[in-house]
Each structure stands twice: as structure tokens, then as C-alpha cells.
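> quick check, what structure comes out for this input:
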Amino acid sequence: MTRKEVRNFFITIVLFGLAALLPLTGTGYWLSTGVTIATYMVLSTSWALFSGPTHYISLATGAFYGVGMFIVGLGIEQLPYWTLVTLAGAVGAVLAALVGLATLRLSGVYFVIFTLGLAEFIRQIVTWVQTTMGSSSGLYVLTDITESIIYWELLVLGLIVYLLGWWINRSRLGFSLRIIGNDEIVAVHSGINTAYAKIILFIISGIIATLVGAVLAPRLSYIESNIAFSPMLSFIVVITALLGGAQKLWGPIVGVIPFMLAWDFLTATFPNQTTLMLGICFLLIVYAIPNGFAGLIEKHSLRLRERG
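The predicted structure follows:
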């Protein structure tokens, strides 16, 4: 590790420690906003672990997230909460492995379309099962877990994702993924098992998204399939990751905070045009800052070093 890497590592730990103090300042609006930011920070960072180096745009986040929520909703009256969270992670791993084996041979728009349809496919299955069994369209999740606890759980999960990403970037797996992202054909001819590398990262990303859904289930109290499997979540994850810069581990964190604050304002000001606002945000990011805030920061840092 270089001196710069050690410094950045400890800065990250300190920042996570400071963020953990938020619930101690009180509850209400800022804690709720903190939970939302922490949610998308974890989801965007885990998305970037896979999509950043491989350049595969996955819209399956909403599917894994919804599965995690429904596992907690279905079992909260029979099993302890932490058992259900663990079970959600295991189910997420199996689902991600199956989806990865079926789809990672695809590329480009075909992969995007399949992952987008996955959430809707699972939602339709859940709705059909509930209708067939004669149950209500939603599930109650009544626990004594407070929003402060959920916030701390998300922060711990975020720190785990960050440390995992830090290790992957310095491992042979990370090196293989960067080659795959640059040219997959070259990676194959170099002897890299591209399918294995992509599936491992896709499984990790799927597990994290499923765990986030499970952790957030008590916050909603009542879960409906339309909310749990909303495609809007997948699009917001992609946008926040691209805004911050998916090529850098810390990029999504930089993108999530300003976007969620702006999104909170936009949804309050234009409640009936949220989809339109989301599309405009995506176009602005792609055309104005294709490399995200991380790319802008690196570009300006390089200029300063050249002048110095």
C-alpha cells in the first residue's frame, strides 16, 4: 500500500465514523434523509463493483432489493429478523448465480433488457402467488426496529462493501475485470475465465442489494410488490453511480449525496413528473459529465499537478 492509499483508507473510516453520529443528533427529516442516502450509497457502490469495471449496465437491482423485502415480510412472524436477513442474503446469492449464468453470455442492450425485465417478472410471480393463495396484495412488517438502527445497519453494510471493493481492486479478480471491461476478447485470449469473474462480481452485487431490501423492510411497515420491485430504484442506482463515477470506488458516494438532495426537491416540486425528471437527469449526466464527478476531480487534479 502506498502512503496515499493508507491516507485515503483512514479518511474513509473516519468519515463513516462521523456519519454514524447522525442518529445521535435527533430524529426526523435529516435522519430519514440519511437513511435514503445510505440506502443508495450501498446500492450504487455495490452496482459499481460489477458494472464499473465490466461496463455491463445492470438494471436488476430492483429485483434483488424486492426479493430481500419480501423474504422479511413473509417470515417476520415465524423467524427472528436477523435470521431472515441472513436468509435473504443466501437467496440473493442463489438468484444472482442463476441470473448470471443465464445472462452474462449476453452483452450490450440484450443484457440491459433482460435485467430490466427481471424485476417485473419476479413481481408478476409474487402477485400471482398472493392472488392464488387469496392473501392481500401486501405484507405487514411490524417490528421494534427503529429508523436509527436501520441507518446504522446500512452504514455497516456500506463499510463492508467499500472494504470489499478496496480488496477486489487490488486482487487478481479486479485486474481480470478491468481487462474484461477494456476488451473481453483480449481477456479470453489472455487465459482469463471471463464467465467466472463476471459471475462472482454479479453475485456479490446481488447479495448486497438483497440485504439492503431486507434491512429496509421494517422501515416501510407495509410492503407491496409495486413498491418493492419498482424499476425506478434500478434507474436511480444507475444514475447516482454514473453521476459520481462508476470507475472509482468512492465515485458513487460522491454522486449519491447531491443527487438525493436534488431529487428530494424535484419530487416535492414536480410530484407528477418524477419519471420525466429522472430521464432529464440521466441525459444531463451522460452528455455533460460522462465520467462523473470522480472524472472531473481527477481531471482538475491532473491540471494542478501539471501547473505545479
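> contacts and neighbour counts: CA atoms only from here.
Noted.
> G244 is in contact with P290, isn't it?
No. Taking Cα atoms under 8 Å as the definition, G244 is not a contact partner of P290, at 9.8 Å.
> and W152, what does it touch?
By Cα atoms under 8 Å, 6 or more residues apart in numbering, the residues touching W152 are A20.
> and the strand or helix carrying it, what's its mean pLDDT?
Using DSSP states H and E, W152 sits in helix 147-169. The pLDDT scores in helix 147-169 average 92.
> and that helix, what's buried?
By neighbour count on 16 or more other Cα atoms under 10 Å, the buried set for helix 147-169 is 147-148, 150-159, 161-163, 165-166, 168-169.
> of G244 and P290, who's got more company?
G244 (31 against 16; other Cα atoms under 10 Å).
> I122 - nearest residue in space that isn't next to it in sequence?
Closest residue to I122 apart from its sequence neighbours, by Cα to Cα, 6 or more residues apart in numbering: A63 at 6.9 Å.
> is it true that P231 touches L116?
Yes. Counting by Cα under 8 Å, P231 touches L116, with 7.3 Å between them.
> got the CA positions of stretch 44-59 in PDB?
Output of stretch 44-59 as PDB, limited to C-alpha atoms (Å, rounded to 0.1, in the frame of the first residue of the first chain):
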ATOM      1  CA  SER A  44     -24.800   2.300  -6.100                       C
ATOM      2  CA  THR A  45     -21.400   1.200  -4.700                       C
ATOM      3  CA  SER A  46     -22.300  -2.400  -5.000                       C
ATOM      4  CA  TRP A  47     -23.600  -1.800  -8.500                       C
ATOM      5  CA  ALA A  48     -20.300  -0.100  -9.500                       C
ATOM      6  CA  LEU A  49     -18.300  -3.100  -8.200                       C
ATOM      7  CA  PHE A  50     -19.800  -5.100 -11.100                       C
ATOM      8  CA  SER A  51     -20.800  -2.600 -13.700                       C
ATOM      9  CA  GLY A  52     -17.800  -0.200 -13.200                       C
ATOM     10  CA  PRO A  53     -15.000  -2.500 -14.500                       C
ATOM     11  CA  THR A  54     -17.100  -4.700 -16.800                       C
ATOM     12  CA  HIS A  55     -19.200  -1.900 -18.400                       C
ATOM     13  CA  TYR A  56     -22.300  -4.100 -18.200                       C
ATOM     14  CA  ILE A  57     -25.300  -1.900 -17.300                       C
ATOM     15  CA  SER A  58     -27.400  -4.000 -14.900                       C
ATOM     16  CA  LEU A  59     -31.000  -3.000 -14.100                       C
END
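> list the buried residues in it.
Within stretch 44-59, the residues that qualify as buried are 44-59, counting by 16+ other Cα under 10 Å.
> from the chain's centre, how far out does it sit?
9 Å (Cα atoms, centre = their mean, to the nearest Å).
> just stretch 284-298 next, same as before
Chain-centre distance of stretch 284-298: 19 Å, with Cα atoms, centre = their mean.
> quick one: contacts of that stretch?
Stretch 284-298 is contacted from outside by I239, L242, L243, G244, G245, A246, Q247, K248, W250, G251, V254, G255, using Cα under 8 Å, 6+ apart.
> does the fifth one touch I253 like I think?
No. Under the criterion of Cα under 8 Å, G245 lies out of contact with I253, with a separation of 9.1 Å.
> which SSE is immediately downstream of the helix or strand N8 falls within?
According to DSSP H and E, N8 maps onto helix 3-19. Using DSSP H and E, the helix or strand that directly follows helix 3-19 along the chain is helix 29-54.
> picking up where we left off before, shared neighbours, P231 and L116?
Both P231 and L116 are contacted by L59, under the criterion Cα under 8 Å, 6+ apart.
> nearest residue to the middle of the chain?
Nearest to the geometric centre of the chain sits L43, at 1.6 Å (Cα atoms, centre = their mean).
> next, count neighbours for the residue nearest to it when sequence neighbours are not counted.
Using Cα to Cα, 6+ apart and skipping residues adjacent in sequence, the residue nearest L43 is A209, 6.0 Å away. By other Cα under 10 Å, 31 other residues sit near A209.
> the one 5 residues further on now?
Residues near A214, counting by other Cα under 10 Å, number 29.
> what do you get for G62?
29.
> name the SS class of it, please.
With DSSP: H, G, I helix; E, B strand; the rest coil as the basis, G62 sits in helix.
> quick revisit: now do the helix holding N8: which elements does it pack against?
The helices and strands touching helix 3-19, judged by 3 or more Cα pairs under 8 Å, 6 or more residues apart in numbering; DSSP states H and E, number zero.
> many thanks, I have nothing further to ask.
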